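>>> the following comprises the amino acid sequence and a computationally predicted model.
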Amino acid sequence: MFRDEMTLAEARDQLRDLVDEGATCPCCRQYARVYRRKIHATMARTLCRVYRAAPSGEWVHLPSLAGYQVNDFPKLRYWGLVEEEIELRRDDGGRAGYWRITPQGWQWVLIWTTVPKYARIYDGRCLGLEGDPVTVLDALGDRFDYRELMEGE
């Protein structure tokens, strides 16, 4: 596998071939892996909730959506469905938590388009999308009623 006398370029090339399954980097000893993330029902549900909160594309303060699981919501950026307000900061310098739906996201919420089912993620970056095309209805599955979500609960 990795040799002590490898150059950095050789180590990178070899690691690149192993990250789909996961491997320890020979240079920094960090575990490196490409994760395949699925667009799922909770993400779709929260996107519908944000759409109802700001149908004209305003910024929504995500932490204020009480009672909703918003942990995976930012991952929707990998599909180009949402974007974060990056200029606004908290007093401590951290992110303020404002997000909005992109035009692509509106089309997906309104069942006008599809997105690939999976995003390939490495080090917080999307390397590409793959899988069968899915609608918001596909992502919601049987767990949530689309009409109820869009009309209000």
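Perfect, thanks for sending it.
>>> can we go C-alpha only for contacts and neighbour counts from here?
Fine.
>>> which elements pack onto the longest strand that the chain contains?
For the chain, the longest strand by residue count, based on DSSP state E, is strand 125-134. Strand 125-134 sits against strand 115-122, with contacts defined as 3 or more Cα pairs under 8 Å, 6 or more residues apart in numbering; DSSP states H and E.
>>> the strand it packs on: partners in the sheet, and parallel or antiparallel?
Taking DSSP bridges as the criterion, strand 115-122 sits next to strand 35-38 (antiparallel), strand 125-134 (antiparallel) in its sheet.
>>> please save the CA atoms from the shortest one in CSV.
Taking C-alpha atoms only, strand 35-38 is exported to CSV below (Å, rounded to 0.1, in the frame of the first residue of the first chain):
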residue,chain,number,x,y,z
TYR,A,35,-19.7,9.6,1.4
ARG,A,36,-22.7,8.9,-0.7
ARG,A,37,-25.6,11.0,0.8
LYS,A,38,-29.2,10.4,-0.1
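>>> tell me the helix or strand right after that strand.
Note on strand 35-38: by DSSP states H and E, the next helix or strand toward the C-terminus is helix 41-53.
>>> before we move on, back to that, list the buried ones in the longest strand of the chain?
Residues of strand 125-134 classed as buried by neighbour count (16 or more other Cα atoms under 10 Å): 126, 129, 134.
>>> shaky segments in this protein?
For the chain, the stretches with pLDDT under 70 are 1-4, 66-69, 88-96, 153.
>>> now the helices for it?
Using DSSP state H, the helices found in the chain span residues 8-16, 41-53, 103-109, 136-140, 146-151.
>>> the ones you listed into a markdown table, with extra columns for mean neighbour count?
Shown next, in a markdown table, are these (neighbours: other Cα atoms under 10 Å):
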| stretch | mean neighbour count |
| --- | --- |
| helix 8-16 | 14 |
| helix 41-53 | 21 |
| helix 103-109 | 20 |
| helix 136-140 | 20 |
| helix 146-151 | 13 |
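>>> may I see the ones you listed organised as JSON lines, with distance to residue 59 added?
Converted to JSON lines, these look like this (distance: least, Cα to Cα, whole Å):
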{"stretch": "helix 8-16", "distance to residue 59": "38"}
{"stretch": "helix 41-53", "distance to residue 59": "9"}
{"stretch": "helix 103-109", "distance to residue 59": "13"}
{"stretch": "helix 136-140", "distance to residue 59": "21"}
{"stretch": "helix 146-151", "distance to residue 59": "18"}
